[in-house]
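Undergrad: here's my sequence, what's the structure:
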Amino acid sequence: MDCEMCGRGIRGRPRRIMVEGVIMTVCSECYEKTLGRKITESRASSISTSKRPLLGDRKKTHKSRSRRIEVLEYEVVPEYASIIRKARESKGWTQAALAQRVRESGNTIRRIEAGRLVPSIDLARKLEKVLKVRLLQPVIEESSQEICSKSSLTLTLGDVVEIRRRKDGK
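TA: I've put the predicted structure just below:
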């Protein structure tokens, strides 16, 4: 397992931290020198990770007998703007009419159709229901080994922090 901050292999017990709302698995060295919030094992299970940008929210379905929770992540499809615009036009609706049906502002619908705003998962679900289109797809996460094999140069969050420090002159 590799550290999500520095990219080195984790020796010993992996640690968890939260940096800007994202939970990361890091090595002991990054855990000690991090600016993020350190997460103890008892708190790790209670923290929600649904605030991850563009990865969508988590859908929870309860199984009655085993009481297990199945967690699926969704993201908005890349061609969402044209799908929404074409579906709206095929129904003969204006942007204002669509906005009223999904209880959003007309400006929000204009920005979504122009591709300047990615709809939230909740709004994408409303649009799917009203327009009868597919806007969400399950997130397929690649394992770190697959990502590393595709490229010999990988950029970690630790690299980004280092680049920003050099750029700022610190």
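Undergrad: contacts only, for the nearest residue to Y31 once chain neighbours are set aside.
TA: Leaving aside its sequence neighbours, Y31 sits nearest to R15 (C-beta to C-beta, 6 or more residues apart in numbering; 3.8 Å). For glycine as for every other residue, the C-beta is placed from the backbone atoms N, C-alpha and C. Taking C-beta atoms under 8 Å, 6 or more residues apart in numbering as the contact definition, R15 lies against T25, V26, C27, S28, C30, Y31, K38.
Undergrad: what's the local residue count around the closest residue to G9 other than its chain neighbours?
TA: Of all residues not flanking G9 in the chain, D2 sits nearest, at 5.7 Å (C-beta to C-beta, 6+ apart). Counted with other C-beta atoms under 10 Å, residues neighbouring D2 total 19.
Undergrad: same question for V118.
TA: 17.
Undergrad: distance of G9 relative to S82?
TA: 43 Å (C-beta to C-beta, to the nearest Å).
Undergrad: which residue ranges form the helices in this structure?
TA: Counting by DSSP state H, one finds helices in the chain at the ranges 28-33, 41-44, 80-90, 95-101, 106-113, 121-131, 144-150, 157-168.
Undergrad: counting by contacts, list what the fourth one packs against.
TA: So that's helix 95-101. Applying 3 or more C-beta pairs under 8 Å, 6 or more residues apart in numbering; DSSP states H and E, we find helix 95-101 packed against helix 80-90, helix 106-113, helix 121-131.
Undergrad: buried sites along that helix?
TA: Q95, L98, A99, R101 (16 or more other C-beta atoms under 10 Å).
Undergrad: how about the contacts made by the first one?
TA: By C-beta under 8 Å, 6+ apart, the residues touching Q95 are R88, G106, I109, R110, E113.
Undergrad: any regions of this structure where pLDDT drops low?
TA: 20, 34-72, 141-153, 169-170 (pLDDT under 70).
Undergrad: redo that, cut-off 50
TA: 42-71, 143-150 (pLDDT under 50).
Undergrad: any idea how it splits into domains?
TA: Segmentation of the chain into domains, based on automatic domain parsing, reads 15-54+143-161, 75-138.
Undergrad: tell me which of those domains sits most buried.
TA: domain 75-138 (a mean of 16; mean count of other C-beta atoms under 10 Å).
Undergrad: done for today, thanks.
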